[in-house]
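K.L.:
here's a sequence, model it:
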Amino acid sequence: MYNYRLLDIQFKFNGQEQTLWPIIIHDESDVILVDCGYPDFLHFLEEAVTQNNITFDTITKLILTHHDVDHVGSAAALIRKYPHIEISAFDAEIQYINGTKKPLRLVQAESSLHEMTGEEKRNAEHFIHFLRSVEPVHVDRKLHTNEYLPWCGGIKVIHTPGHTEGHISLYLPANKTLIAGDAIVIEDGKLNIANPQYAWDLDEAVRSVQRLLTYDIARIVCYHGGLFQGDVKSALRQLLKEYR
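P.N.:
Next comes the predicted model:
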């Protein structure tokens, strides 16, 4: 048997209430966490996992959908405490995760700093310092486009670039579930593209949504927004219409 648990993690960040929805996929052999939150987020994860009657000692793998700070920020701390966990990420994202290339959001923030003044500039400098503080971490397994992972009933790796160059989503064909990462978010009950103004390539992000229409999806798990169920294809088509 295999199943999944959505971790509804509510917390304060920069004085604002936020919620993230990492997911755990599990069967008799593996317990897999997808994405792991901001730096200093490990205690939130441990508490959420415990509430779902799982312990980190039983988690075997961590899959990272992309290298943004709210998805990889606690990876290094997690592996320090639980070194048995294997990390997987898409080929094009590994250079950012392991620290050999500067993260995309840091590049964007640094490049726009000269246009700012006053409080806006101070906030941007604080954000840049925060991004620079993220610890790199070694990735054990390199994932590839359309790779089929034989874990938890089967997981298909879907390359969904746009938000970042190597962003991936994960499709669980056995229960028609898409783990979207940041390819799609839920805002006001509707599907949307995550932070389109900061997308690595917005046109590519839209094409990634189009690509998802080829899959038989009954529900979408969004890292920002939680669970979306219903007429998924109609919702995806409506999202594409809004961007085209």
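K.L.:
which residues touch the longest helix seen in the chain?
P.N.:
As assigned by DSSP state H, the longest helix anywhere in the chain is helix 118-132. Residues outside helix 118-132 that contact it (C-beta atoms under 8 Å, 6 or more residues apart in numbering): 39, 69, 103, 105-106, 109-110, 112-113, 116. C-beta: built from backbone N, CA, C; applies to glycine.
K.L.:
quick one: average confidence on it?
P.N.:
Computed over helix 118-132, the mean pLDDT rounds to 90.
K.L.:
tell me the first helix or strand C-terminal of it.
P.N.:
Once the chain leaves helix 118-132, the next helix or strand it forms, by DSSP states H and E, is strand 141-143.
K.L.:
which residues are in contact with that next one?
P.N.:
Identification of contacts with strand 141-143 by C-beta under 8 Å, 6+ apart yields 63, 86-91, 94, 149, 157, 168.
K.L.:
in that strand, which residues are buried?
P.N.:
Buried residues in strand 141-143, counted by 16 or more other C-beta atoms under 10 Å: Leu143.
K.L.:
thinking again about what came up before, which one of the contacts of strand 141-143 is nearest Arg237?
P.N.:
Ile168 (22.3 Å; C-beta to C-beta).
K.L.:
measure the closest residue to the closest one other than its chain neighbours to Glu242 for me?
P.N.:
Spatial nearest neighbour of Ile168, excluding adjacent residues (C-beta to C-beta, 6 or more residues apart in numbering): Phe90 at 4.6 Å. Distance of Phe90 to Glu242, computed by C-beta to C-beta, to the nearest Å: 27 Å.
K.L.:
those two: which is more packed in?
P.N.:
Phe90 (28 against 12; other C-beta atoms under 10 Å).
K.L.:
that one bridge partners, please.
P.N.:
With DSSP bridges applied, Phe90 shows beta-bridge pairing to Leu143.
K.L.:
and the most centrally placed residue in the chain, what is it in contact with?
P.N.:
Nearest to the geometric centre of the chain sits Gly181, at 3.7 Å (C-alpha atoms, centre = their mean). Gly181 is in contact with 34-35, 65-66, 71, 160, 163, 167-170, 223, counting by C-beta under 8 Å, 6+ apart.
K.L.:
again, only this time at 6 Å
P.N.:
65, 169, 223 (C-beta atoms under 6 Å, 6 or more residues apart in numbering).
K.L.:
mind listing the helices in the protein by residue range?
P.N.:
Using DSSP H, helices in the chain cover 42-51, 69-72, 75-81, 91-97, 104-112, 118-132, 202-212, 232-243.
K.L.:
tell me the mean pLDDT over stretch 32-47?
P.N.:
97.
K.L.:
one more: stretch 91-107?
P.N.:
The average pLDDT for stretch 91-107 rounds to 96.
K.L.:
hey, C-alpha coordinates of that stretch in CSV?
P.N.:
This file holds the C-alpha atoms of stretch 91-107, laid out as CSV (Å, rounded to 0.1, in the frame of the first residue of the first chain):
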residue,chain,number,x,y,z
ASP,A,91,19.7,18.0,-13.0
ALA,A,92,19.5,21.7,-13.8
GLU,A,93,18.7,22.7,-10.2
ILE,A,94,21.6,20.9,-8.5
GLN,A,95,24.1,23.6,-9.3
TYR,A,96,22.0,26.0,-7.2
ILE,A,97,21.3,23.6,-4.4
ASN,A,98,24.9,22.5,-3.9
GLY,A,99,26.2,26.1,-4.0
THR,A,100,28.2,26.0,-7.2
LYS,A,101,25.9,28.6,-8.9
LYS,A,102,24.3,31.7,-7.3
PRO,A,103,20.5,31.2,-6.7
LEU,A,104,18.2,32.8,-9.2
ARG,A,105,16.3,34.9,-6.6
LEU,A,106,19.6,36.2,-5.3
VAL,A,107,20.7,37.2,-8.8
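K.L.:
buried residues, that stretch. List them.
P.N.:
Applying 16+ other C-beta under 10 Å to stretch 91-107 flags 92-97, 103-106 as buried.
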